[in-house]
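Asker: sharing a sequence plus its predicted fold:
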Amino acid sequence: MTAAEAPAGRQLVYTLAITEGVRQALQEEPLAFMAGEDVAGAGSVFGIYRGLLDEFGPDRVIDTPISESGIIGLAVGAGATGLKPIVDIMFMDFIGECMDEIVNQLAKMRYMFGGKATLPVTVLTMSGAGMNLAAQHSQSLEAWLCHTPGLKVVMPATAYDVKGAIITAAREPNPVFVVMCKGLMALPGEVPEEPYTLPIGKAVVRREGDSLTIVAHGRMIHEATKAADILEGEGVSAEVIDPLWLQPLDTETIINSVSKTHNALVVHEAVRFGGVGAEIAAQIAELAFDYLDAPVGRVAAPFSPVPFSPVLEQTYVPNAERIAAEARQILGTG
Amino acid sequence: MTAAEAPAGRQLVYTLAITEGVRQALQEEPLAFMAGEDVAGAGSVFGIYRGLLDEFGPDRVIDTPISESGIIGLAVGAGATGLKPIVDIMFMDFIGECMDEIVNQLAKMRYMFGGKATLPVTVLTMSGAGMNLAAQHSQSLEAWLCHTPGLKVVMPATAYDVKGAIITAAREPNPVFVVMCKGLMALPGEVPEEPYTLPIGKAVVRREGDSLTIVAHGRMIHEATKAADILEGEGVSAEVIDPLWLQPLDTETIINSVSKTHNALVVHEAVRFGGVGAEIAAQIAELAFDYLDAPVGRVAAPFSPVPFSPVLEQTYVPNAERIAAEARQILGTG
Amino acid sequence: MANSSQAMEPSEEVLKDLHFRMVRIRHFEEEAGKLMEQGKSPGALHLYIGEEAVASGVMVHLSDQDQITSTHRGHGHLVAKGGEFKKMYAELYGRETGYNKGRGGSMHISNVDAGMLGANGIVAAGPPIAVGAAFSNKYLARIEGRDSMNVAVPFFGDGATNEGAFHEAANMAAIWKLPVVFICENNGFGEFTRQEDHQAISDIADRAAGYGMPGVICDGMDAVAVWEAAGEAIERARSGGGPTLVECKTYRYVDHVGLRGIGLNYRTDEELEEWKKRDPIEQHEKRLVEMGVMTEDEIQAVHDAVMADITESIEFAENSPLPDPADLLNDVYTPTAAS
Amino acid sequence: MANSSQAMEPSEEVLKDLHFRMVRIRHFEEEAGKLMEQGKSPGALHLYIGEEAVASGVMVHLSDQDQITSTHRGHGHLVAKGGEFKKMYAELYGRETGYNKGRGGSMHISNVDAGMLGANGIVAAGPPIAVGAAFSNKYLARIEGRDSMNVAVPFFGDGATNEGAFHEAANMAAIWKLPVVFICENNGFGEFTRQEDHQAISDIADRAAGYGMPGVICDGMDAVAVWEAAGEAIERARSGGGPTLVECKTYRYVDHVGLRGIGLNYRTDEELEEWKKRDPIEQHEKRLVEMGVMTEDEIQAVHDAVMADITESIEFAENSPLPDPADLLNDVYTPTAAS
Ligand SMILES: Cc1ncc(C[n+]2csc(CCOP(=O)(O)OP(=O)(O)O)c2C)c(N)n1
Ligand SMILES: Cc1ncc(C[n+]2csc(CCOP(=O)(O)OP(=O)(O)O)c2C)c(N)n1
Ligand SMILES: [Mg+2]
Ligand SMILES: [Mg+2]
């Protein structure tokens, strides 16, 4: 258990932790506003912003047209001129509509201007598969964002972390993407009532272990933890690390763990080729070279769009069983 | 020297090899057309399509409005209904404007339709830094494309390869991105007059060697070759591999080489974090685990936007010296 | 515009055809909605109930060689374009026998063979694709020496007209005088946001002038009105007169997703009731009877036949094989000899 | 529109101001072009020569608290917004003393302190950013209890109006009645493509109606005409009347990149000559003399002073320090206490 864990106390589901994070961010900063498609009247299609319009009014909680380029542009322009925009891109799959604004404007403005602009922008978006929403509403595209200098990227997978991530992002003077997991919306967890932040770029050790380090982010952290349970039953002690921040990445915590366990497995929901797991695996293989007993394994989605049919989607999305199987492979116990 | 090398013969510069590739693709396929911003009247801002309008007329060589989403949408719709679109996205930096059409439409339509659509689309675009064009006209964003199931990606760095890549792409029934290198426009090379293709997914061994495998793509292949020259002078024999196709990637050729040399260095122009080099390095570290004498090295751009000032850009873009230095590091001779 | 005037009077055959298509959509959707609410079919369904006149009024003019692009709310378009219920329900169930072999589901349901280039999960993704199809149509007519062109018809909502993709597509179609008819299904909402909150105009047809194409408004609750407006535009497109933007004012009876239509907090039940008074099917059936085109019994027989088809088709879907997980990676790429 | 009528007559001060800004742009650009062609300044320059009346006519109405967004052709906008030559040439030279510390160069030249939110290498990237700035202006006026708002002005070309980003921004500005004035610099070309080949309309102002905002056309070769049209729109925006699209018909004397203006294969020298007859600076100088606002000598003195400033500034730039490669990664992120 590490610092970022919540103390015993009030339970809140993931969705309500999101709401509370945004609410407190708006409460503490009069220059903060929230905008996005159906975030106000409807409180988002996911219901994650319900009540915010009533509390903060239509000047601060704003329904936009279906215009993702416009939404990120709004955040860039408002952020560069003194406000603290919190904008929502409903499904992460829709960032394709505004990658220019994200990558060429939001991420680069400060640098291109020689440090003379500040972009205190928070972007909230929902990623992940498992709900039979097919190829255009199920993607995990964090790799694009993490490859983009100027952005910070956090992928909270617990109620505690999602609230903390939002408040951290809202207080940050840099653009932060909070990539949320739609598969976790009903997940309860301990969430303190007061506002709190997460240390930027700090991984969380979700479970300690000796013989294998599993690095998993987003919803996969829960599958990795389940896999660790399965492995424990087989006498294998796995350490489970949630990087939480993919940009900047906490290489140190990961390498320290692998130096201890001598084995590593990287897990994510995105397709394997070119996913963030490639970067993590490459770093481990490079920096823990002398410690590794076996090649770094990777469990991720195969190289196809997300299929609709549940029977295919279940095969597609990584799960505890596949993680455990790969772990056995690495440890030579399979 | 391998199969993909040109026989001795006619020399053509990179730009003219591009023109010839497109010309022959249009000649051999009446259903092929080319469209893009300023590709017709002006023959592109790079001059790479000069003469095509005159030869094929305005029905087949078409200037579009400045509408990148529209251009890729045009290719998707025309491709799915029987034509063979060849479209140009001037600078690769502009793909942010049409990532939705690229990733959610072009790449996925066939899969989402259960295999019942075919997308014989070629996208030509120009990548890379080194010409003082600053942060929005210098990027290498191939990692986004390679992480997208449904796309093929080739990054030709010689006159021979760029012509072959274009004809290969034009004959392919799948979407292919031909990511060209603006830093190579004046590069001459041997180019046969007749149309020819490249084997899809086959790497090219640019230079054979025993003690280190350098995997480099795009313009960096030339820097890697120069680095190999430098190293040769120091008694180090480096094998230089150009994957050429980044999707699908020729893992086999790379792994075979590393199994022989026991050392590997991956080089590209994109920023290091999350670049295609991470995937290549991770694959080498995994699949050649038992052969590696040292960690896989990576030389790539640091984590910032491309700076304008030449003095900064020169520091930013990898070059032969940095590659050689990293090689020495890996080999412990530095 | 000249030579389309004789098309203004729908024949009895057309009137029956409009009716048949609307009835097929209505029942297909109601049953699909129930299946979803019963948890029998996976995923989310965006239903077309209330808007049947639009798809039907347009589709009567199109052959299998004409293409359409659709939206997240796409079943109605496919049904109207002749979609077979068996393959449609099988798709909603994620079965191998579905139109997309279960890979696409509701949001991507398609039938390329009949020119239905897919429902789409991305708002406004359709118009640029339709422009591409229209480009093909013009190109092929040219090289085949035909005067008349196939037409591409993108359907899209009011909300979609605020996406850049719509704008780029409309402009391209206009410059090149492509055979495209842009059909805007203005149901007054993008999800839960009213039109007045997502654009400062009330007639989307006003956008047409900015592209240099005609803009037309029609009553999207009246199949004949849609048929007339679309017919004129399609005829013009076919004969080289270029694109038109046709705005159909309509209303969605149900929620953005699923069947529930009343008790929603973003609109009043009264508003819904007002629109229902002009129900496209009831209105049209009244007309059919009044004009003596069909008797009430004949109308009932259409409903019964459609329901029978549905019952059989759902059974077919439920008994159809699931995709084989071993085939997961098939169909990502078209096989090539070369690779 | 009512209370802006008294602004219609430019004072002598305004007339001189318009002149001064135009002259500064013209000489700045000509000298910058020479530096590029001599290989002294790196990268590519998109010059504004011929279009000076637009930036100048608009900028006279703006204070440092009002923002603009610019284009790849951005020097003119920054000069008109009071840009200092020293910092501008230093930026073109990639020096640490440049506005962007050499990180941005011509295509990103900016001065956030004076509300110049950057030239931009991405066509049509400006309008959405300007909408964001206007959103701030309205928001801040509200919480500070001010009636009058700062105004955000995106400049963009005819070609840019075909990008989706323009469309989305215009729509958003209109819904929320934001203080934005969209200034379209219609120079008849997007790079080498004529307007008639990139859109089927000839007046871009026609697009305004589709967003529910006024659209105005003015002579972009006449600084006073621009000043008048922009003034009315800016006044309206400032006082809460919402956005306007102002189309300024103008012409670029030089090539898309660099100085060469004649002998281009995508336009005739005659066309250029026609436009040059209405040269914005010559026209305006004639007016100044005729109206007795300035003598020829006084005009010459302005030119001389500007040229002296330029000479000194180029020298400053050439003698300025280069960025230190050790600072390469500075300024990617704003430093945070937390991380
Ligand atoms: C690019 C994109 N943005 C947002 C969404 C989420 N979304 C799905 S449907 C919808 C509303 C569409 O409204 P409209 O175009 O009017 O169609 P309607 O649902 O009313 O038929 C939205 C915002 C999406 N699917 N794609
Ligand atoms: C998104 C994007 N697409 C294409 C380009 C390449 N490009 C640079 S300037 C230009 C023409 C712009 O035309 P217009 O908007 O009329 O401005 P002008 O140059 O005439 O001032 C183009 C296509 C770009 N910079 N960005
Ligand atoms: Mg709607
Ligand atoms: Mg122009």
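Answerer: On my side now, so go ahead. Ligands and ions are numbered 1, 2, ... in the order given.

Asker: what is the burial count for the nearest residue to C:Asn137 once chain neighbours are set aside?
Answerer: Of all residues not flanking C:Asn137 in the chain, C:Asn150 sits nearest, at 4.1 Å (Cβ to Cβ, 6 or more residues apart in numbering or on different chains). All C-beta spots, glycine's among them, are computed from the backbone N, C-alpha and C. Counted by other Cβ atoms under 10 Å in any protein chain shown, the residues lying close to C:Asn150 total 23.

Asker: kindly report the same for C:Leu259.
Answerer: 17.

Asker: for it, what are its contacts?
Answerer: Contacts for C:Leu259 (Cβ atoms under 8 Å, 6 or more residues apart in numbering or on different chains) come out as C:Glu30, C:Gly33, C:Lys34, C:Met36, C:Glu37, C:Leu47, C:Ile49.

Asker: my read: A:Glu172 touches A:Lys152, true?
Answerer: Yes. The pair A:Glu172 / A:Lys152 is scored as a contact, 6.9 Å apart, by Cβ atoms under 8 Å.

Asker: joint contacts of these two?
Answerer: What both A:Glu172 and A:Lys152 touch, as defined by Cβ under 8 Å, 6+ apart, is the set A:Ile200.

Asker: thinking again about what came up before, give me the buried subset of the contacts of C:Leu259.
Answerer: C:Glu30, C:Gly33, C:Met36, C:Leu47, C:Ile49 (16 or more other Cβ atoms under 10 Å in any protein chain shown).

Asker: need the residues you listed in JSON lines with distance to chain D and pLDDT, can you?
Answerer: Listed next are the buried ones among the contacts of C:Leu259 as JSON lines, based on distance: Cβ to the nearest Cβ, whole Å; pLDDT from 0 to 100:
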{"residue": "C:Glu30", "distance to chain D": "35", "pLDDT": "98"}
{"residue": "C:Gly33", "distance to chain D": "32", "pLDDT": "98"}
{"residue": "C:Met36", "distance to chain D": "32", "pLDDT": "96"}
{"residue": "C:Leu47", "distance to chain D": "27", "pLDDT": "98"}
{"residue": "C:Ile49", "distance to chain D": "28", "pLDDT": "98"}
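
Asker: farthest pair within those residues?
Answerer: C:Met36 and C:Ile49 (12.8 Å; Cβ to Cβ).

Asker: how close does C:Asp206 get to D:Asp17?
Answerer: 38 Å (Cβ to Cβ, to the nearest Å).

Asker: go on, C:Ile129?
Answerer: For C:Ile129 relative to D:Asp17 (Cβ to Cβ), the value is 50 Å.

Asker: and A:Thr168, what does it touch?
Answerer: A:Val154, A:Val176, A:Thr197, A:Leu198, A:Ile200, D:Ala338 are the contacts of A:Thr168 under Cβ under 8 Å, 6+ apart.

Asker: from memory C:Phe316 sits against C:Glu91, does it?
Answerer: No. Look at C:Phe316 against C:Glu91 with Cβ under 8 Å: they stay out of range, at 11.6 Å.

Asker: more neighbours, these two?
Answerer: Applying other Cβ under 10 Å to C:Phe316 and C:Glu91 shows that C:Glu91 carries more neighbours, namely 33 against 18.

Asker: element containing that one?
Answerer: Taking DSSP states H and E as the definition, C:Glu91 sits inside helix C:85-92.

Asker: next SSE downstream of that helix?
Answerer: helix C:126-144.

Asker: in that next one, what counts as buried?
Answerer: Per 16+ other Cβ under 10 Å, helix C:126-144 contains these buried residues: C:126-141.

Asker: quick check, it touching ligand 1?
Answerer: No. Helix C:126-144 is not in contact with ligand 1 by Cβ under 6 Å from any ligand atom; minimum separation 10.1 Å.

Asker: could you pull up the mean pLDDT of that helix?
Answerer: Averaging pLDDT along helix C:126-144 yields 98.

Asker: all helices for the stretch 101-250 of chain C, in order.
Answerer: C:126-144, C:164-175, C:195-198, C:223-238 (DSSP state H, counting those that start in this stretch).

Asker: next one: the first one to chain centre, how far?
Answerer: Put plainly, it is helix C:126-144. From the chain centre to the centre of helix C:126-144 is a distance of 19 Å (Cα atoms, centre = their mean, to the nearest Å).

Asker: and it, what other elements does it pack with?
Answerer: Other helices and strands packing on helix C:126-144, by 3 or more Cβ pairs under 8 Å, 6 or more residues apart in numbering or on different chains; DSSP states H and E, are helix B:68-80, strand C:67-69, strand C:152-157, helix C:164-175.

Asker: what's the angle between it and strand C:152-157?
Answerer: The directions of helix C:126-144 and strand C:152-157 differ by 170 degrees, with axes from the mean of the first three to the mean of the last three Cα atoms, to 10 degrees as the criterion.

Asker: show me which residues of chain A sit near ligand 1.
Answerer: A:Glu37, A:Ile66, A:Glu68, A:Met90, A:Phe94, A:Glu97.

Asker: out of the residues you listed, which is nearest to chain B?
Answerer: Closest to chain B out of the residues of chain A next to ligand 1 is A:Glu97 (4.8 Å), distances taken as Cβ to the nearest Cβ.

Asker: name the element residue 22 belongs to?
Answerer: Since you didn't name a chain, this refers to chain A. Counting by DSSP H and E, A:Val22 is part of helix A:14-28.

Asker: ah, I was thinking of chain C
Answerer: Judged by DSSP H and E, C:Met22 forms part of helix C:12-37.

Asker: packing partners of the helix or strand following that helix?
Answerer: Sequence order places helix C:52-59 as the next helix or strand after helix C:12-37, per DSSP H and E. With contacts defined as 3+ Cβ pairs under 8 Å, 6+ apart, the packing partners of helix C:52-59 are helix C:12-37, helix C:75-80, strand C:152-157, strand C:181-186, helix C:223-238, strand C:244-249, helix C:280-290.

Asker: same thing but at 6 Å, please
Answerer: helix C:12-37, helix C:75-80, helix C:223-238 (3 or more Cβ pairs under 6 Å, 6 or more residues apart in numbering or on different chains; DSSP states H and E).

Asker: tell me the most buried of the ones you listed?
Answerer: helix C:75-80 (a mean of 29; mean count of other Cβ atoms under 10 Å in any protein chain shown).

Asker: quick one: it near ligand 1?
Answerer: No. Counting by Cβ under 6 Å from any ligand atom, ligand 1 is not contacted by helix C:75-80; separation bottoms out at 9.9 Å.

Asker: contacting residues for residue 56?
Answerer: I'll assume chain A. A:Leu26 (Cβ atoms under 6 Å, 6 or more residues apart in numbering or on different chains).

Asker: to clarify, I was referring to chain C.
Answerer: Residues C:Leu18, C:Arg21, C:Met22, C:Ala80, C:Ala223 are the ones in contact with C:Ser56 under the rule Cβ under 6 Å, 6+ apart.

Asker: and A:Arg272, by the same measure?
Answerer: Counting by Cβ under 6 Å, 6+ apart, the residues that A:Arg272 touches are A:Arg298, A:Ala300.

Asker: dihedrals phi and psi, it?
Answerer: As for A:Arg272, its main-chain torsions (degrees, to the nearest 10) stand at phi -70, psi -50.

Asker: contact distance from chain B - what residues of chain A qualify?
Answerer: A:96-97, A:99-100, A:103-104, A:108, A:111-112, A:135-136, A:143-144, A:146-147, A:149, A:271, A:274, A:278-279, A:281-282, A:285-286, A:289, A:295, A:303-305 (Cβ under 6 Å from any Cβ of the partner chain).

Asker: count the residues that sit near the residue in the stretch 151-300 of chain A positioned nearest to ligand 3.
Answerer: Relative to ligand 3, the nearest point of the stretch 151-300 of chain A is A:Lys182 (23.1 Å; Cβ to the ion). Using other Cβ under 10 Å, A:Lys182 is surrounded by 22 other residues.
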